[in-house]
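# I would like the atomic coordinates for the input below:
(2 chains)
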Amino acid sequence: MVTKRNQSWICVCLVILLAWGILQGQTKGSLTGVIVDEKTGEPVQGANALLLGTMIGAASDEEGYLEITNIPPSVYTLLVTAIGFEKSEAVIQILPGKTAHVEITLSETVLYMDGVAVTASRYKQALGDIPVSLSLLPAQALKERNITSVDQALRYVPGVNATDGGQVSIRGSSGFNWGVGSRVLVLLNGNPFMAGDLWNVNWYAIPTSNIRQIEIMKGSGSALYGSSAMGGVINIITEHPGEGAHFHVRSFSGFYNEPSFPEWRWTDSRQHFEGTAIDFSTRIGPLAATLSSNYQNTTGYKENDDHQVLNFMANIAFPLSEKLRLDIMSGYGRNEGGFFIYWQNLKHPYDNGSDPSGYETRSTMNNTFVFPVLSYVLNNQIFVTVKGKVNHTYTEDWLLSGTGVLADSAFRSSKVRSDGGEIQLNWQTHARGILVAGCDLNKDAVESVQFSHTRVFRAAYYMQYEQRFRNRLKATLGLRYDWEKTHEQGANGDLSRKLGLNYSLSPLTSLRFSIGEGFRIPTVGERFIKTKTSGIWILENPSLQPEKSLSTELGIQSQLTPSVHFDMSGFYTRYDNLIEPQLDRNAENRIVVRFQNIVNARIQGLEVSLRKDWYSKLVSTQVGYTLLDTKNLSKGSMEYGLPLKYRSKHTLYTTTNIYMPPFQIGFDFRYLSRIERVDTYHKTYIADIDQVVPAYVCSARLGVERGHFTFRVVVDNIFQYNYILSPANMAPPRTIILQLTADY
Amino acid sequence: MHCRMTLVMILACVVLACNQGLTPPPPSQVLVTFNPAPEGGNPVGYWVPDEMRAVDASLVDDVDVDTVILDIGLDGLFAFETVERCSINAVMTVNALVRLPGNPPIELRIPTFYDTLSGTGFYNILDDRVLLTPIQSSFFDLDTLGFTASAGKMMLITPAIPFNYMDIMTLDVALIFHLKLEETLAAGAAFPAVSLQVQ
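Predicted structure coming up:
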């Protein structure tokens, strides 16, 4: 809870910072530059130039020219990044009333771009400037692996685990909870993209073909983003309209291998999938637009696991004046198909065990969203963004008998209307200081068969200030106050604080440290659920309290040699009041399940990633290893001192890319050690849920590029290894995919 | 250096290719024996646990333990229709205590665990005495049950089931569910429970 004293303290801090910024006002300088391709000498269009440690930047035009005005005098490092090129840095001095000029040459690379990220501080920053661990997943990684849902792509990021139901966990923040109550916040271009009832992510509504990069921030982000960011933040950045006319088509088709053992076969037909993605960008006068649409049909590789997914997304940018711009991102997604939750048993792992024998649950999910953003650039130091949010979801499950007769219509359905808005101020208070502050409002209206009818109102105020000292040390201080009100529980609030430090040991090596608080408000689903599954009632618990966490991290990143990049971090998180489903008794003394605040825990570990380039960067290898040491600290519990459930202690990812024009070859390997514990509550109704093995998964891909066309063959799970992606849920067998793309 | 790395990768691939991960469990015993022997009858009806005697448990083999106490509660409904459709929804609560020989004896208490017996679909009757059911359970194999039904009472008899004691030992136990035709159900009634002490 935040007292009035704390609120006053926040106001005083803001006033002091604003006053300090005003006092720092000075006569400004300018910068011009030209960016060219080192090999061809041609100008590079759309390169991002950023003065490190500031929000000041620009993109190069068709002539490779860029201009930045109103720069506070100081010495800066200019970072230039562009897709397909290595990043480049230059030190420049800006003098009062003068214009500095730079010429930057970029060399081509097949490697994934180091780039810049916006998630850590709500403005663009170089990765080396960020006080927390942050991984980037570029669009190329999605295309090469034929990724059709973002959660599939996250399986290739060190420290991240994505289960079959779309639940994402960063550094063990979640075990397995059927996707309910995510401890990782997912953003779409900075807008929270969580369903208001279960606080899970509707991955099906996001076209993957239009993604520019995915930013994965590890560790608590609640001080900037609020509830659910206690385990980390995933920000999906789409292509920005206006970056050139573009037409892209990707069509793919593939099939699943038969199960490894004859007794596991559940169908005589070949299970397959196919899909098409289309992206179109254009400019009509001042208006720039990008339209994307993805369609996918799959029979699934398990019983009652077929799906048809369709989504659209439109991004429109309309400059209203030189300083005012309107961006509208809107979309619609629909996912219709079967609902396989868990297997029958290990004798029949591809047979649906979650429905009564002879029946199957079918499901339809719809998601419609509109996120308008109005950006006003007051000057090079201050800009304001006003965001709106309309995100409506509707899900419905019904039960079919084996003969296709409707046995129970809409026995689960949930309609959620999440509406809100946000105002954000970014202010370069002086050459070495940046203030980001804002507030957001949100209302979730839930009308549901299983979660009842509920309204949740939320408001939050946040502020983050960054100060650079002598170009070597950067300190970040963040505060956020979240307030929530429901009819059933009244109002309550939480304050989250964060401190981050970043120290440059040398131009190629930096240390980082952060400590931050996190929290997660119980979801509507966890508080108000009332449904029956597998013969057991799951009942409401409106008195659930928020989960809390305290995370610390110490890390180092270094460019050891021009071809070796190294990153290592140690982390520790203490969790309190974690919510988990537990067996309980109702008023009639019958056994039921309720979500309860019962678990205190700590998770500590180590994460190492290494990238090595070979043969003049024609070959690149990346290795990521994560060690998780988890412990239940719930005093009085029989589980005290035991590892947390559904976590792998060791995970290892390796990726090798070979570029031999016109061929592109890639290999992936993933290892997850055997999960140490499963939930006894799950064991009571899921047969063989404790049958788990380590995961060793190898995949390979081969691409041939000819002109506008690229043809790819992707083979996932080459060795047909039988493992689980989530409890009692077999991962896909060997999968062969053929893909053809055309770019104009 | 590169040759060695290539060799390591080839070896790793061979090892991975030989490892299949999860495999089907070994096939269950074909010949099923029940103790006591089922006598058959007419299983059609809506059956609920008999309050006086819900579940019996008996050790199938002699074992080197002083005492085994299984306290088993059962709550739910077993429905068998004439068209050979059935629906089972029940929860079994098991408390177990084992005393191993020693001076003093070592007492092992297993935390209470719950098992849901559920299944909807068709059942078959074999040899007039054995029910093949779609009942699913986490701990016990319950798809094959002997039965004896007469005078509004029914016994469902499992074959020998391996019962695991905290991964220390496994004992073969036979469970006998005592059911009665549903008449009235007292609201809020506690689980009917029985205790069996083997010494």
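
# which residues of the stretch 301-450 of chain A score low on pLDDT?
A:357, A:402-404, A:407-408 (pLDDT under 70).

# near chain B, which residues of it show up?
A:344-347, A:349, A:353, A:356-359 (Cβ under 8 Å from any Cβ of the partner chain). Every C-beta, even on glycine, is put in place using the N, C-alpha and C of the backbone.

# top of the residues you listed by number of neighbours, please.
The residue in those with the most neighbours, by other Cβ atoms under 10 Å in any protein chain shown, is residue A:349 (25 neighbours).

# now the residues of the stretch 301-450 of chain A next to chain B in a markdown table, with secondary structure?
Formatted as a markdown table, those follow (DSSP: H, G, I helix; E, B strand; the rest coil):
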| residue | secondary structure |
| --- | --- |
| A:344 | strand |
| A:345 | strand |
| A:346 | coil |
| A:347 | coil |
| A:349 | strand |
| A:353 | coil |
| A:356 | coil |
| A:357 | coil |
| A:358 | coil |
| A:359 | strand |
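
# in the chain, which residue is closest to the centre?
Went with chain A since none was named. Against the mean C-alpha coordinate of chain A, by Cα atoms, centre = their mean, the closest residue is residue A:234 at 2.2 Å.

# wrong one, chain B
residue B:140 (2.9 Å).

# how about that one: what's its closest non-neighbour residue?
Nearest residue to residue B:140, sequence neighbours excluded (Cβ to Cβ, 6 or more residues apart in numbering or on different chains): residue B:161, at 4.9 Å.

# is it true that that neighbour touches residue B:173?
Yes - Residue B:161 lies in contact with residue B:173 (Cβ atoms under 8 Å); the separation is 5.5 Å.

# settle it for me: which of these two has more neighbours?
More neighbours surround residue B:173 than the other of residue B:161 and residue B:173, with 21 against 18 (other Cβ under 10 Å).

# which helix or which strand is home to the more buried one?
Here residue B:173 sits within strand B:169-181, counting by DSSP states H and E.

# so what strands line up beside that strand?
strand B:45-49 (antiparallel), strand B:55-59 (antiparallel), strand B:153-157 (antiparallel), strand B:161-165 (antiparallel) (DSSP bridges).

# what's the closest of these to residue B:10?
strand B:161-165 (41.2 Å; Cβ to Cβ).

# quick one on the thing from earlier: could I get the residues of the stretch 301-450 of chain A next to chain B as CSV with distance to residue A:406?
Below are those laid out as CSV (distance: Cβ to Cβ, whole Å):
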residue, distance to residue A:406
A:344, 23
A:345, 28
A:346, 32
A:347, 30
A:349, 28
A:353, 22
A:356, 15
A:357, 18
A:358, 14
A:359, 11
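
# quick one: which of those residues is nearest residue A:278?
Once Cβ to Cβ is applied, the member of these that ends up nearest residue A:278 is residue A:349, at 36.2 Å.

# could I get the full set of helices for the stretch 551-700 of chain A?
A:680-683 (DSSP state H, counting those that start in this stretch).

# strands along that one, start to end?
Applying DSSP state E, counting those that start in this stretch to the stretch 551-700 of chain A gives strands spanning A:564-585, A:591-614, A:619-632, A:650-660, A:663-672, A:695-706.

# if we can go back for a sec, closest one of the residues of the stretch 301-450 of chain A next to chain B to residue A:141?
Nearest member of these to residue A:141, counting by Cβ to Cβ, is residue A:349, at 29.8 Å.

# all helices of chain B, in order?
For chain B, the helices defined by DSSP state H cover B:2-18.

# so residue B:16 touches residue A:720, yeah?
No - when contacts are counted by Cβ under 8 Å, residue B:16 is not listed as touching residue A:720 (10.3 Å).

# who touches both of the two?
Residues touching both residue B:16 and residue A:720 (Cβ atoms under 8 Å, 6 or more residues apart in numbering or on different chains): there are none.

# on that earlier part again, going by mean pLDDT, which of the strands paired with strand B:169-181 comes out lowest?
With a mean of 69, strand B:161-165 has the lowest mean pLDDT of the strands paired with strand B:169-181.

# from residue A:205, how far off is residue A:249?
Between residue A:249 and residue A:205 the computed distance is 21 Å (Cβ to Cβ, to the nearest Å).

# the more surrounded of those two?
residue A:205 (27 against 17).

# which element is the residue nearest to the centre of chain A on?
strand A:232-238.

# can I get the CA coordinates of that strand in PDB?
What follows is strand A:232-238, C-alpha atoms only, in PDB (Å, rounded to 0.1, in the frame of the first residue of the first chain):
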ATOM      1  CA  GLY A 232      10.000 -10.100 -17.300                       C
ATOM      2  CA  VAL A 233       8.600  -8.300 -20.300                       C
ATOM      3  CA  ILE A 234       8.300  -9.400 -23.900                       C
ATOM      4  CA  ASN A 235       7.700  -6.600 -26.400                       C
ATOM      5  CA  ILE A 236       6.800  -7.500 -30.000                       C
ATOM      6  CA  ILE A 237       7.800  -4.700 -32.400                       C
ATOM      7  CA  THR A 238       6.100  -4.700 -35.800                       C
END
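
# thinking again about what came up before, if you average pLDDT over the strand holding residue B:173, what comes out?
80.

# with stretch A:592-600 instead?
On average, stretch A:592-600 scores 84.

# packing partners of the strand holding residue A:234?
strand A:168-170, strand A:185-188, strand A:211-218 (3 or more Cβ pairs under 8 Å, 6 or more residues apart in numbering or on different chains; DSSP states H and E).

# ok, then the element right after it?
Sequence-wise, the next helix or strand downstream of strand A:232-238 (DSSP H and E) is strand A:246-256.

# name the helices or strands packed onto that next one?
Using 3+ Cβ pairs under 8 Å, 6+ apart: strand A:246-256 touches strand A:272-284, strand A:735-743.

# got the contact list for that strand?
With Cβ under 8 Å, 6+ apart, strand A:246-256 has contacts from A:143, A:146, A:209, A:270-281, A:290, A:301, A:714, A:732-744.

# just the buried residues out of those, in PyMOL syntax.
The PyMOL selection below is limited to those of those classed as buried (16 or more other Cβ atoms under 10 Å in any protein chain shown):
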select buried, chain A and resi 143+146+209+271+272+273+274+275+276+277+278+279+280+281+290+301+714+732+733+734+735+737+739+741
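
# neighbours of residue A:322, just the number please.
7.

# got the phi/psi numbers for it?
phi -60, psi -30 (degrees, to the nearest 10).

# and it, how far from chain B?
56 Å (Cβ to the nearest Cβ, to the nearest Å).
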